[in-house]
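Colleague: Structure here, sequence nowhere to be found:
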């Protein structure tokens, strides 16, 4: 991109972010509730939704920033060591307890990872499943008497690399965004038109081996019909490393051919947006794009004055508490159209719901929101 065009694009994004941030501060309640906090469809059934990032189990940055091949292999070994130490089965059991207690009708999952292994430095894809976060979560949900079904699963990042001592194995990460529906909610929710895709805009990251990692992101969606209304439910995970790539992906969501832009009516959008509305531009640009396309921030409408931080515990998930650690609100439930927000709260911060080893279920908190669409 020519420098002049890039500069104009950046200035436009910053202006959009500032305007959206002002609108957020001035009129959140009106967007969420309508006149005098009253919703026109007072008798519409309540629908509870959850956005939940499950966390891969390690920070991948050390491999991306390695400057030599031996450092790269050693970084991958540390990543796998941390993944194992993160106790994925125990963490998914804790997440399942959260969900079984709170009983959301629809769940948007991000980083529902599958980890696979294979012979060291083998060019063929690794095929031995070591961990499957989605399957573990579904197992424990059923065990707790609160079964859920997969509505749509969309593969995002798929990367593989060799890990050195003490492992000497190749490890492959397959990231997925997933929509779940509670089985006991299917009597009141009729689902159709499940869909998913990757964004055309993604971040390419070169590695020291000469290969380029394509950091793919995307979305899943489903159309929902209740006795009184219809809406489209969208789950997404936007780019974390580059604010303008993230903003472009938000633009794809709301473009005429995107899942939000093509929705015939109301929309409920959940996900790890990686964009804090109170962050300085261009960090908040993606959030501003969504507000500029008519979305409302459900959190501020019912929690005035509460920052609602959702991120992040440290890589090892062993922080004593979220106090002094959480300083970002990047996980969101947004709505467009006549959708009333009844309640919104974070989950995943109960110190009594950790693994047997004392680890938090994820590095993020979840956002649980009750709506009347």
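Modeller: Now that the structure is in, tell me what you want to look at. These numbers come from a predicted model, not from an experiment.
Colleague: So which bits of whichever strand or helix holds residue 152 are buried?
Modeller: Remark: residue 152 resides in strand 148-163, with elements defined by DSSP states H and E. Of the residues in strand 148-163, 148, 150-154, 156-163 count as buried by neighbour count, 16 or more other C-beta atoms under 10 Å. The C-beta positions use only the backbone N, C-alpha and C, and glycine is treated the same way.
Colleague: Can you tell me which helices and strands whatever helix or strand comes next after it packs against?
Modeller: Going down the chain from strand 148-163, the next helix or strand is strand 169-182, by DSSP H and E. Counting contacts by 3 or more C-beta pairs under 8 Å, 6 or more residues apart in numbering; DSSP states H and E, strand 169-182 is packed against helix 69-85, strand 106-110, strand 114-119, helix 133-143, strand 148-163, strand 190-198, strand 218-225, strand 230-237.
Colleague: Let me see the contact set for the residue sitting nearest the centre point of the chain.
Modeller: Most central in the chain under C-alpha atoms, centre = their mean is residue 272, positioned 3.0 Å from the mean C-alpha point. Residue 272 makes contact with 51, 53, 110, 111, 236, 237, 238, 330, 331, 364, according to C-beta atoms under 8 Å, 6 or more residues apart in numbering.
Colleague: From one end of stretch 289-304 to the other, what's the distance?
Modeller: End-to-end distance of stretch 289-304 (C-alpha to C-alpha, to the nearest Å): 22 Å.
Colleague: Run the chain-centre distance for that stretch.
Modeller: Computed by C-alpha atoms, centre = their mean, to the nearest Å, the chain-centroid distance of stretch 289-304 equals 17 Å.
Colleague: Okay, buried residues for that stretch please.
Modeller: If you call a residue buried by 16+ other C-beta under 10 Å, then stretch 289-304 has these buried ones: 289-293, 295-303.
Colleague: ok, these vs residue 91, which is closest?
Modeller: Relative to residue 91, the closest of those is residue 299; by C-beta to C-beta it sits at 24.6 Å.
Colleague: still on that earlier bit, among the buried residues of stretch 289-304, which has the minimum pLDDT value?
Modeller: Minimum pLDDT across these is recorded for residue 301, with 91.
Colleague: Go ahead and report the secondary structure state at that one.
Modeller: Secondary structure state of residue 301, per DSSP: H, G, I helix; E, B strand; the rest coil, is helix.
Colleague: Which strands or helices does the strand holding residue 152 pack on?
Modeller: Applying 3+ C-beta pairs under 8 Å, 6+ apart, one finds that strand 148-163 contacts helix 69-85, helix 133-143, strand 169-182, strand 190-198, strand 212-215, strand 218-225.
Colleague: Compare the mean pLDDT across the ones you listed and name the weakest.
Modeller: strand 212-215 (a mean of 91).
Colleague: and it, which residues are buried?
Modeller: 213, 215.
Colleague: ok, and what's touching that strand?
Modeller: Strand 212-215 is contacted from outside by 64, 157, 159, 202, 203, 204, 205, 206, 207, 239, 241, using C-beta under 8 Å, 6+ apart.
Colleague: Mind checking which of those land in strands?
Modeller: 157, 159, 203, 204, 205, 206 (DSSP state E).
Colleague: farthest-separated two in the residues you listed?
Modeller: Top of the distance list for those (C-beta to C-beta): 157 and 206, 15.6 Å.
Colleague: still on that earlier bit, possible to save the helices and strands packed on strand 169-182 as TSV with distance to residue 340?
Modeller: Below are these laid out as TSV (distance: least, C-beta to C-beta, whole Å):
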stretch	distance to residue 340
helix 69-85	41
strand 106-110	16
strand 114-119	37
helix 133-143	28
strand 148-163	24
strand 190-198	20
strand 218-225	16
strand 230-237	12
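Colleague: if you compare the ones you listed, which one is most tucked away?
Modeller: Ranked by mean neighbour count under mean count of other C-beta atoms under 10 Å, the helices and strands packed on strand 169-182 are led by strand 106-110, which reaches a mean of 28.
Colleague: Can you lay out the ones in strands among the contacts of strand 212-215 as JSON lines showing distance to residue 138?
Modeller: As requested, these are exported to JSON lines (distance: C-beta to C-beta, whole Å):
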{"residue": "157", "distance to residue 138": "21"}
{"residue": "159", "distance to residue 138": "24"}
{"residue": "203", "distance to residue 138": "30"}
{"residue": "204", "distance to residue 138": "33"}
{"residue": "205", "distance to residue 138": "31"}
{"residue": "206", "distance to residue 138": "36"}
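Colleague: Go ahead and confirm residue 284 touches residue 276.
Modeller: Yes: using C-beta atoms under 8 Å, residue 284 makes contact with residue 276 at a distance of 6.0 Å.
Colleague: more neighbours, these two?
Modeller: residue 284 (28 against 21; other C-beta atoms under 10 Å).
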